[in-house]
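> Fold the stuff below for me.
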Amino acid sequence: MGEPAAMAADSTPKSIVLVHGGFVDGSGWEGVYDILKSDGYDVTIVQNPTVTLEDDIRVTKRAIAAATGDVVLVGHSYGGVVISEAGAESKVKSLVYIAAFAPDAGESVSSLIANPVPGAAAPPILPPVDGFLFLDKSKFAQSFAADVRPDLAAFMAASQVPWGVGALDGRVTVPAWKAKPSWYLVATDDKMIPPDAQRGMAKRAGAKTVEIPGSHAVYVSNPKAVAEIIEDAANTKKSG
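Residues are numbered from 1 along each chain as shown. Below is the predicted model:
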């Protein structure tokens, strides 16, 4: 387990901003939202268009600006790319990656998935249509949401949000995890982002890392574990 980078301020963030990934919208955060709200946090769920990375960063920055206090910025999957860039905002005190991409400068989702580890599961992404991607509905549950209630996984497959190729190609300039403390939850049964790839990105970011069994949709299937790592980030006092 890595240690979070030293923090400059000693205030405890009480606002949480949740950023969804590709193929889904923010509604999957409902279970995490319910726990965090019950525990007294100000919670905002970003609804990104996922057409281009630049648009998603702008939408997320508006949510950060509207938050009532210092912010813990949380990203799932592609949302990790968004928070790596938007996390540079001064109100953001820490970052939490949930089975997410944590790119370095110049990296994008496209570059991070270009050379998969031999033997790793291949996400069933269909060829782009008019610049947008979908997952094969028939394989959505097993690849994205194997531990989610079957009827809910079927609904997620049917209600997919088209993911713009431009968003996948968007490159991070200066990742916020280089300057701010980060946490990372590795979903050990993930078939979309291989767990070893998650571990590598978490280590590179110097993130405080926890591992739990779970699919790529761990934020849906196990909101308690996801809320716990977010609250750990929110309540960790900074040194220095």
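
> Tell me which residue lies nearest the centroid of this protein.
Per Cα atoms, centre = their mean, the C-alpha nearest to the average position across the chain is that of His76, at 1.8 Å.

> Where do the helices of the chain begin and end?
30-38, 53-66, 79-86, 109-112, 137-144, 150-158, 165-169, 195-204, 218-221, 223-235 (DSSP state H).

> Which one of these lies nearest to Leu18?
Minimum separation from Leu18 across the helices of the chain (Cβ to Cβ) falls at helix 30-38, 6.7 Å. Where C-beta positions appear, they are placed from N, C-alpha and C, glycine not excepted.

> what's the closest one packed up against?
Helix 30-38 is packed against strand 15-19, strand 42-46, helix 218-221, helix 223-235, with contacts defined by 3 or more Cβ pairs under 8 Å, 6 or more residues apart in numbering; DSSP states H and E.

> Mean pLDDT and mean neighbour count for the ones you listed - can I get that in a markdown table?
What follows is the helices and strands packed on helix 30-38, written out as a markdown table (pLDDT from 0 to 100; neighbours: other Cβ atoms under 10 Å):
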| stretch | mean pLDDT | mean neighbour count |
| --- | --- | --- |
| strand 15-19 | 98 | 27 |
| strand 42-46 | 98 | 20 |
| helix 218-221 | 98 | 26 |
| helix 223-235 | 97 | 19 |
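
> and Ala179, which of these is closest to it?
helix 223-235 (15.3 Å).

> Out of the helices of the chain, which gets nearest to Ala176?
helix 79-86 (5.7 Å).

> got the CA positions of that closest one in CSV?
Extracted C-alpha coordinates of helix 79-86, given in CSV (Å, rounded to 0.1, in the frame of the first residue of the first chain):
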residue,chain,number,x,y,z
GLY,A,79,-13.7,9.5,-14.9
GLY,A,80,-10.2,9.0,-13.6
VAL,A,81,-8.9,10.8,-16.7
VAL,A,82,-11.3,13.7,-16.1
ILE,A,83,-10.3,14.1,-12.4
SER,A,84,-6.6,13.9,-13.2
GLU,A,85,-7.0,17.1,-15.2
ALA,A,86,-9.8,18.9,-13.3
